[in-house]
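Peer 1: Show me the folded form of this:
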Amino acid sequence: MPELPDLEYIVSVLGPRIRGRRIDEVVLKEPIVTRMLLPDAGGFARALTGRTIADLRRHGPFLDFSLAPDGRLIIHCMLAGRLQIAAAGEKPVAHMCFALHLDNGEWLRYGDDKRMGKVYLTGNGSLAAIPGYLDQGVGILSPDFTRDRFDAIIKGRRHQVRVFLMDQTALSAIGNAYADEILFAAGIHPKTSCASLSDEQRGRLYDSIRGVMTWAIHMVREAGQPIEVKMRDHVKVRNRKDEPCPVCGTKIRRAGVRGYDSFFCPHCQPAPWAAGTGATSLRPSARRNREIPWERKE
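Peer 2: Residues are numbered from 1 along each chain as shown. Below is the predicted model:
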């Protein structure tokens, strides 16, 4: 699944190549991913043909394409959706669902082997019909995401902290991979209750959200891969079960948290219920983990 750093990279690469480009042809192979919210437009392909892509921006986990003279194409890639921008003759992205042929000869393609992504063609007045679009919480990269705002959002919550991080009505928008990376950076076990966090832990968590995301955006950009490639080589714990922790060498573990796999270091992120520890009492290695891991040389 493309997460926030991937989506930021997609916007930075794709935006300059498609802004002002007219859609001359639409090839639709998997209508199941499309949602037509423009009344009397004659279907997805017909409605898009002839429109111009005026702009592209990210809204939480959504990619929002503004169209001229009117309309929006909004994509939520979900679990496996991928976008590709390619010259004519280049091999299409695998499991292609639809493709837009632009007036400069390039193709903008969407592939999704799970067919779980959602592609909405809508007007500005129909955004409420898109699940989750208008319900996004504070943008974690925005100036509004201050420590005071974070404290106000987390106050009184009794969720496990990883569940809280992935609640997009609270924080927009953290996915599975970077929830694990944020908690590792903060030295907090994923099943810790939000209500049990100390002020110092909340501060580390806030700093880790901003720091990990900034670091990840930089790493994805520096890799410079095509936008259809998922970049995860830089992560420290996600999907690294049984590999050594980069800080202390303990084997990374995997645990289920509300139906999602979570990866963590049991030494750097001690369980608050473990003997000799508590939500505000961390082991020495976990205290060392307060160093920002994206800056730490390993």
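
Peer 1: any idea how far residue 37 lies from residue 5?
Peer 2: 29 Å (CB to CB, to the nearest Å). In short, each C-beta sits where N, CA and C put it, glycine included.

Peer 1: Between those two, which is the more surrounded one?
Peer 2: residue 5 (23 against 18; other CB atoms under 10 Å).

Peer 1: Next up, phi/psi of the more buried one, please.
Peer 2: phi -60, psi -40 (degrees, to the nearest 10).

Peer 1: isn't it right next to residue 217, touching?
Peer 2: Yes. Using CB atoms under 8 Å, residue 5 makes contact with residue 217 at a distance of 4.5 Å.

Peer 1: any chance you could map the helices in the protein?
Peer 2: 4-18, 44-48, 147-154, 161-165, 176-186, 199-223, 284-288 (DSSP state H).

Peer 1: so the first one versus helix 176-186, what angle?
Peer 2: Going back to what we said before, that points to helix 4-18. Relative orientation of helix 4-18 and helix 176-186, computed by axes from the mean of the first three to the mean of the last three CA atoms, to 10 degrees: 130 degrees.

Peer 1: Where does pLDDT dip in the chain?
Peer 2: 274-298 (pLDDT under 70).

Peer 1: what's around residue 113, how many residues?
Peer 2: 13.

Peer 1: Enumerate every residue touching it.
Peer 2: For residue 113, the contact set (CB atoms under 8 Å, 6 or more residues apart in numbering) comprises 80, 94, 95.

Peer 1: Report the buried members of those residues.
Peer 2: 80, 95 (16 or more other CB atoms under 10 Å).

Peer 1: Would you mark the buried spots in stretch 179-198?
Peer 2: In stretch 179-198, counting by 16+ other CB under 10 Å, buried: 179-192, 194, 197.

Peer 1: what's the closest residue to residue 114 other than its chain neighbours in contact with, if anything?
Peer 2: With CB to CB, 6 or more residues apart in numbering as the measure, residue 80 is the residue that lies nearest to residue 114, at 4.2 Å, once sequence neighbours are left out. For residue 80, the contact set (CB under 8 Å, 6+ apart) comprises 1, 112, 113, 114, 116, 117.

Peer 1: Tell me the one among those residues nearest to residue 238.
Peer 2: The closest of the contacts of residue 80 to residue 238 turns out to be residue 1 (CB to CB; 11.8 Å).

Peer 1: So the residue lying closest to that closest one once chain neighbours are set aside versus residue 190, what's the distance?
Peer 2: Closest residue to residue 1 apart from its sequence neighbours, by CB to CB, 6+ apart: residue 79 at 5.1 Å. For residue 79, the distance to residue 190 equals 20 Å [CB to CB].

Peer 1: Now do the end-to-end distance for stretch 254-262.
Peer 2: Distance between the two ends of stretch 254-262: 5 Å, counting by CA to CA, to the nearest Å.

Peer 1: Then stretch 172-192?
Peer 2: Stretch 172-192 end-to-end distance (CA to CA) = 21 Å.

Peer 1: likewise stretch 191-202?
Peer 2: 15 Å.

Peer 1: Over to stretch 136-153?
Peer 2: 13 Å.

Peer 1: what does that stretch contact?
Peer 2: 4, 8, 59-60, 167-174, 202-203, 205-206, 209-210, 213.

Peer 1: In it, which residues are buried?
Peer 2: Neighbour-count burial for stretch 136-153 flags 136, 137, 138, 139, 140, 141, 145, 150, 153 (criterion: 16+ other CB under 10 Å).

Peer 1: Pick out whichever of the residues you listed sits closest to residue 225.
Peer 2: Residue 225 lies nearest to residue 141 out of the buried residues of stretch 136-153, by CB to CB, at 21.2 Å.

Peer 1: So the closest one versus residue 14, what's the distance?
Peer 2: 18 Å.
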